[in-house]
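Chemist: Next one to model:
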Amino acid sequence: MRAWLILVLLCSGLAAQADEVSICYNYDCAVTAMVNLRVNELRAARRLLLRAADAAEEREAISLVIALFETVAGQQTPTWADKGRNVNDDGVDGRMDCIDESANATSYLRLLESNGWLKYHRVLDPVKRAPLLVNDHWAARIVEKKTGQEFAVDSWFLDNGQPAFLVPLEEWRNGAEPNEE
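Modeler: Predicted coordinates for the structure are as follows:
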């Protein structure tokens with residue numbers, strides 16, 4: 001009887017395993033922590049991604065999944081206190097600079113990729129722009145499989161749990177930022 005129940009659960013997708021993801025915070029990845037993404041959170045991410053009918057919709061879903069995973073991380077770590085950019089959270093435990101944000105977003109993206117949930121994109125290593133000599137800025141990076149176009153996935157600009165800013169890499173390198181109201 002038990003074997004039959006396990007088989008039914010596996011076939012229905014209800015026995016999906018939770019995943020742990022390593023994240024970092026407090027600037028320059030000074031502190032690391034493991035975040036447990038539970039089955040329902042992974043299912044929500046998968047649903048968002050599977051609904052995407054094309055690469056543009058998948059990028060929108062990726063932006064939302066990053067927000068979801070940041071929210072979960074904020075429930076398990078002090079990263080809930082992170083504010084957009086660096087000026088609003090100086091000294092706060094859980095603060096994240098662009099190095100932390102790009103590392104965490106890349107970890108989330110690699111989890112999605114390893115589960116086979118990205119149909120239209122591949123995950124690349126984080127990317128840096130240097131608008132000023134001493135003002136480097138980092139973001140996660142993906143590439144569209146069909147076109148080879150690269151995109152920056154930048155969650156640093158907004159508070160924890162907000163959708164990531166996702167734009168073509170060249171726009172990001174040229175200083176693109178989200179329209180904040």
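
Chemist: okay, and for this structure, where does confidence drop off?
Modeler: 1-17, 131-134, 180-181 (pLDDT under 70).

Chemist: Kindly recompute the last result at 90.
Modeler: 1-18, 81, 84-92, 129-136, 175-176, 179-181 (pLDDT under 90).

Chemist: Do you have the strands of it handy? List them.
Modeler: Secondary structure of the chain (DSSP state E): strands at 19-25, 31-37, 121-129, 137-144, 150-154, 165-168.

Chemist: Now find how far off-centre the third one is within its chain.
Modeler: The one in question is strand 121-129. Offset of strand 121-129 from its chain centre (C-alpha atoms, centre = their mean, to the nearest Å): 12 Å.

Chemist: now the angle from that strand to strand 137-144?
Modeler: Strand 121-129 runs at 150 degrees relative to strand 137-144, counting by axes from the mean of the first three to the mean of the last three C-alpha atoms, to 10 degrees.

Chemist: how about residue 157, phi and psi?
Modeler: Here is the backbone geometry of residue 157 (degrees, to the nearest 10): phi -70, psi -30.

Chemist: and it, how many neighbours does it have?
Modeler: 17 (other C-beta atoms under 10 Å). For glycine as for every other residue, the C-beta is placed from the backbone atoms N, C-alpha and C.

Chemist: Can you tell me how far it is from residue 172?
Modeler: Distance of residue 157 to residue 172, given as C-beta to C-beta, to the nearest Å: 11 Å.

Chemist: Give me the spatial nearest neighbour of residue 117, chain neighbours excluded.
Modeler: Closest residue to residue 117 apart from its sequence neighbours, by C-beta to C-beta, 6 or more residues apart in numbering: residue 49 at 4.6 Å.

Chemist: doesn't residue 118 make contact with that neighbour?
Modeler: Yes: contact criterion C-beta atoms under 8 Å: residue 49 and residue 118 qualify, at 6.8 Å.

Chemist: what touches both of these two?
Modeler: Counting by C-beta atoms under 8 Å, 6 or more residues apart in numbering, the common neighbours of residue 49 and residue 118 are 58, 62, 112.

Chemist: dump the residue contacts of the second one.
Modeler: It stands for residue 62. For residue 62, the contacting residues are 49, 109, 112, 118, 121, 142, 153, 164, 166, by C-beta under 8 Å, 6+ apart.

Chemist: Buried deepest among the strands of the chain, which one?
Modeler: Per residue and on average, the most neighbours among the strands of the chain fall to strand 150-154, with a mean of 25 (mean count of other C-beta atoms under 10 Å).

Chemist: List the contacts of it.
Modeler: Applying C-beta under 8 Å, 6+ apart, the external contacts of strand 150-154 come out as 59, 62-63, 66, 98, 101-102, 105, 109, 121, 124, 127, 139-144, 164-169, 171-173.
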